[in-house]
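Enquirer: just to be clear, the model below is a prediction. Sequence and coordinates:
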Amino acid sequence: MKLRDLAGILPVEGTASADLEVTGISSDSRQVRSGVVFFALAGTKADGVTYAADAARRGAAAIVAGSAIAGLSVPVLAVDDPRLALALSAARYFGRQPETMVAVTGTSGKTSVAAFTRQIWEQTGYAAASIGTTGVVAPGRNDYGSLTTPDPVALHQLLKELADAGVTHASMEASSHGLDQRRLDGVRLAAGGFTNLGRDHMDYHPTIEDYHRAKLRLFDTLLPKGAPAVIFADDPWSAPTIQAAQAAGLEVLTVGRHGDFLRLKRVEHERHRQRAEVEAGGVLYEVDLPLAGDFQISNALVSAGLAISTGTPVAKALMALEKLKGAPGRLDLVGTTTNGAPVYVDYAHKPDALENVLASVRPFTTGRVIVVFGCGGDRDRGKRPIMGEIATRLADVVIVTDDNPRSEVPETIRAAILAAAPGAIEIGDRRQAIHEAVAMLHAGDTLIVAGKGHEEGQTIGTETLHFSDHEEVRAALRERAA
Ligand SMILES: CC(=O)N[C@H]1[C@@H](OP(=O)(O)OP(=O)(O)OC[C@H]2O[C@@H](n3ccc(=O)[nH]c3=O)[C@H](O)[C@@H]2O)O[C@H](CO)[C@@H](O)[C@@H]1O[C@H](C)C(=O)N[C@@H](C)C(=O)N[C@H](CCC(=O)O)C(=O)O
Ligand SMILES: Nc1ncnc2c1ncn2[C@@H]1O[C@H](COP(=O)(O)OP(=O)(O)OP(=O)(O)O)[C@@H](O)[C@H]1O
Ligand SMILES: N[C@H](CCC[C@H](N)C(=O)O)C(=O)O
Ligand SMILES: [Mg+2]
C-alpha cells in the first residue's frame with residue numbers, strides 16, 4: 001500500500017510523501033521497521049510523541065500525531081484524533097473483515113454473549129468466531145487472550161486472518177476502554193448488543209455517567225443508522241441506552257422480561273439448568289437452557305437477538321440455546337464433592353457480578369453458600385468494601401483471599417474488603433483458600449471461587465506465576481475424595 005491509499009484518514013493529498021510505500025501500521029515505536037507508519041498516541045502512562053524520534057530512527061515512513069512535531073527527518077501528519085486515525089488506517093490497511101460482525105457492550109456478560117452468539121451461528125451453519133476476554137475462538141482456532149477488545153492493529157490483523165480463513169460471522173466484546181480508545185472504530189458492524197451497567201473501572205472513568213457514555217459510543221457513533229441494537233430491557237440503565245440508540249436512528253430490539261423483541265415470560269430453575277418460556281413475534285417457545293444462573297438467560301436472550309437480527313431464523317436461534325456451553329470460567333461447574341456439593345469457578349470481579357452469581361446459586365442451595373474471592377491490585381479501590389458487603393450479605397461463609405495483587409501490598413487489599421465483611425475468614429494464599437473451602441463442604445452446600453475465571457496466571461508484583469482456579473479446585477476435590 002502507498003501512503004496515498006490512506007487519504008481521507010490522513011492528510012496526504014498533494015504531498016510529496018503520498019508515494020511512500022507503507023509496510024505496516026503501529027502505535028508502538030518498538031515495533032517500527034522500515035516503511036511502518038507510526039501513530040503517536042497520548043496514553044495513560046506515556047505520550048507517544050516522546051517516541052516519535054525513535055520511530056523515525058527505526059525507519060518509519062511517516063509519523064501521525066495530534067500536532068506538528070519539529071526536528072524529525074520523516075513526514076509528520078497532524079490529525080485531530082490520532083487514535084481514530086490509527087483504527088481507521090488499520091482497518092483500511094488490513095482490508096478484509098468477516099462479512100457479519102457484531103459487538104456487545106455492558107458491564108457484565110460480554111464474554112458470555114460473544115461466545116453464545118458464536119455458538120448460535122455455528123448451529124445455524126455459519127463459519128463463526130468470537131473475540132474477547134477469553135481469547136479468539138474460531139474453526140480450528142482457540143487462542144488465549146489478554147485484552148477484552150484488542151488494540152486496532154492486532155484486531156484488524158486478526159479480522160483479516162479470520163476472513164481469509166473463511167469466517168463469515170464474528171462476535172466481539174466492546175469494553176469501555178476499547179470504545180473510549182477508539183479500538184473498534186473501523187470495524188464494520190452489522191449489529192450491537194447491550195447487557196447491563198454497574199460499577200466497574202472507576203479508576204479509569206471519573207463517573208458512572210462517563211462510563212455509560214463510553215459504552216454508548218457503540219450505539220451513537222459506531223453502528224450505522226438503521227442497524228439493529230439488541231438491548232437487555234430489565235436493567236436500571238436500559239432506558240437511557242434505549243433512548244440513545246433510538247436517537248441515533250438504530251432499530252431498537254429489546255429483550256428480557258420487559259422486552260418486545262424477545263420477551264421472557266417464565267423461568268423455572270433447576271440445579272444446573274433452567275427452563276424458560278420466551279415469546280417472539282406472538283409465538284411462545286419453551287427453551288431448556290443447560291446453564292445455571294438467572295443472568296445466563298439474559299445473556300442468552302441478547303445473543304439470540306444478535307443472531308436473529310443478523311439473519312438466523314427465530315426458531316433456529318432459540319433452539320440453539322438448548323445446546324449452549326458456558327464461556328470458560330463463567331459459573332463454570334468444575335466438579336462436585338463425593339457428597340454432592342458443587343464447586344463453581346466464576347469471573348465475578350466486580351460488585352454487580354458478585355451479587356448476581358451469589359444470588360443465582362441460592363435457589364438450589366439447601367445448605368450454605370461459601371465464597372472465596374479477592375480483588376485485583378492496581379484497579380478500582382472503591383469496589384473492595386462494596387464487594388465485602390455483598391459477599392457477607394449473600395454468602396454464609398466468606399473467605400477473603402488474593403486475586404492479582406499486582407504492585408499493591410496484598411494485605412492492604414484484603415483489609416479493604418474485610419473492613420466491610422465482618423466474620424469473614426482471611427486466607428491470603430489463594431491455593432490454600434480454595435483447598436480449605438473445598439474441605440469445608442457439606443451435602444447441600446455450594447462453593448463459588450470468584451474473580452479469576454478463565455485466568456491462567458496470578459500476577460504478584462511484576463511476576464505472573466501459573467495459577468488456575470480450575471486446577472486448584474480439581475486438586476482439592478481429588479485430595480478430599482482420597
Ligand atoms: C489503560 C489502558 O487501557 N491502556 C491501554 C492503552 O495504553 P496507553 O495508550 O495508555 O499506553 P501508554 O503505556 O501510556 O503509552 C502511550 C503510547 O506510547 C507508546 N510507546 C510506549 C513505549 C515505547 O517505548 N514506545 C511507544 O511507542 C505505546 O505503544 C502507546 O501507544 O492502549 C494500549 C493499546 O491499545 C493498550 O494495550 C493498553 O492496555 C493496557 C495494557 C491495559 O491493561 N488495559 C486494560 C485496563 C484494558 O484495556 N481493559 C479493557 C477492559 C477489561 C474488561 O473489563 O473486560 C480491555 O478491553 O481489555
Ligand atoms: N448478564 C449478567 N448480569 C450480571 N452478571 C453477569 C452477567 N453475565 C455474567 N455475569 C457475571 O459476570 C462475570 C463475567 O461474565 P462475562 O465474562 O460474560 O462478562 P464480561 O462483561 O465479559 O466481563 P469482563 O469485562 O470482566 O470481561 C460472570 O462470571 C458472572 O459472575
Ligand atoms: N479485565 C479486567 C480483569 C480483572 C480480573 C481480576 N482477576 C483482576 O485481576 O482484577 C482488568 O484487567 O481489570
Ligand atoms: Mg469479557
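Expert: That came in fine, so what should we check first? Ligands and ions are numbered 1, 2, ... in the order given.
Enquirer: make it CA atoms for all contacts and neighbour counts henceforth
Expert: OK.
Enquirer: does residue 225 sit in a helix, a strand or a coil?
Expert: Assigned by DSSP: H, G, I helix; E, B strand; the rest coil, the conformation of residue 225 is coil.
Enquirer: for residue 216, that is, sorry about that
Expert: Per three-state DSSP, residue 216 ends up helix.
Enquirer: my read: it touches residue 240, true?
Expert: No. Residue 216 lies out of contact with residue 240 (CA atoms under 8 Å); the separation is 9.5 Å.
Enquirer: of the two, which one has the most company?
Expert: residue 216 (23 against 12; other CA atoms under 10 Å).
Enquirer: residues contacting the more buried one?
Expert: 241, 244 (CA atoms under 8 Å, 6 or more residues apart in numbering).
Enquirer: in this structure, which spans are helices?
Expert: Listed in chain order, the helices of the chain (DSSP state H) span 52-57, 82-94, 110-124, 152-164, 176-180, 208-217, 238-247, 294-309, 314-320, 351-361, 383-394, 410-418, 430-440, 469-481.
Enquirer: residues touching residue 49, list them.
Expert: 40-42, 65, 69.
Enquirer: what's the answer for residue 245, then?
Expert: By CA under 8 Å, 6+ apart, the contact set of residue 245 is 219-220, 229, 251-252.
Enquirer: so it versus ligand 4, what's the distance?
Expert: The gap separating residue 245 from ligand 4 is 22 Å, by CA to the ion, to the nearest Å.
Enquirer: and the pLDDT at that residue?
Expert: pLDDT recorded at residue 245 is 98.
Enquirer: ditto for residue 338
Expert: 96.
Enquirer: again, but for residue 15
Expert: For residue 15, the predicted pLDDT is 80.
Enquirer: next one: phi and psi at it?
Expert: Reported as degrees, to the nearest 10, the phi and psi values for residue 15 are phi -100, psi 160.
Enquirer: picking up where we left off before, narrow the contacts of residue 245 to those in strands?
Expert: Residues of the contacts of residue 245 located in strands (DSSP state E): 229, 251-252.
Enquirer: also near ligand 3: which of those, exactly?
Expert: The subset of the ones in strands among the contacts of residue 245 within reach of ligand 3, by CA under 6 Å from any ligand atom, is empty.
Enquirer: need the residues you listed in JSON lines (columns: pLDDT, neighbour count and distance to ligand 1).
Expert: Output for these, formatted as JSON lines (pLDDT from 0 to 100; neighbours: other CA atoms under 10 Å; distance: CA to the nearest ligand atom, whole Å):
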{"residue": "229", "pLDDT": "98", "neighbour count": "31", "distance to ligand 1": "20"}
{"residue": "251", "pLDDT": "98", "neighbour count": "17", "distance to ligand 1": "26"}
{"residue": "252", "pLDDT": "98", "neighbour count": "22", "distance to ligand 1": "24"}
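Enquirer: and the one residue in the stretch 351-482 of the chain that gets nearest to ligand 1, what does it touch?
Expert: Ranked by CA to the nearest ligand atom, the top residue of the stretch 351-482 of the chain for proximity to ligand 1 is residue 379, at 8.4 Å. Listed by CA under 8 Å, 6+ apart, the contact set of residue 379 reads 201, 203.
Enquirer: hey, what's the closest residue to residue 142 other than its chain neighbours bridged with?
Expert: In space, and not counting its chain neighbours, residue 142 is closest to residue 136: 5.6 Å by CA to CA, 6 or more residues apart in numbering. Applying DSSP bridges to residue 136 gives these bridge partners: residue 131, residue 143.
Enquirer: tell me, how many residues neighbour residue 136?
Expert: When neighbours are counted by other CA under 10 Å, residue 136 registers 19.
Enquirer: cool, and the one 4 residues further on?
Expert: Other residues lying near residue 140 total 6 when counted by other CA under 10 Å.
Enquirer: same check on residue 314?
Expert: Residue 314 - counted by other CA under 10 Å - has 18 other residues nearby.
Enquirer: correct me, but it touches residue 306?
Expert: No. The pair residue 314 / residue 306 is not scored as a contact, 10.7 Å apart, by CA under 8 Å.
Enquirer: so where's the stretch 201-350 of the chain shaky on pLDDT?
Expert: By pLDDT under 70, the stretch 201-350 of the chain contains no weakly predicted segment.
Enquirer: weakest of the helices of the chain by average pLDDT?
Expert: Set side by side, these give their lowest mean pLDDT on helix 208-217, at a mean of 89.
Enquirer: ok and it relative to helix 238-247, angle-wise?
Expert: Relative orientation of helix 208-217 versus helix 238-247 (axes from the mean of the first three to the mean of the last three CA atoms, to 10 degrees): 40 degrees.
Enquirer: buried ones in helix 208-217?
Expert: 211-217 (16 or more other CA atoms under 10 Å).
Enquirer: so what's the nearest residue to residue 280 once chain neighbours are set aside bridging to?
Expert: Nearest residue to residue 280, sequence neighbours excluded (CA to CA, 6+ apart): residue 262, at 5.0 Å. Beta-bridge partners recorded for residue 262 (DSSP bridges): residue 255.
Enquirer: separation between residue 262 and residue 255?
Expert: From residue 262 across to residue 255, the span is 5 Å (CA to CA, to the nearest Å).
Enquirer: who's more crowded, those two?
Expert: Counted by other CA under 10 Å, residue 262 and residue 255 do not tie: residue 255 has more neighbours, with 30 against 27.
Enquirer: distance of that one relative to residue 278?
Expert: 10 Å.
Enquirer: shared neighbours of the two, which are they?
Expert: 262-264.
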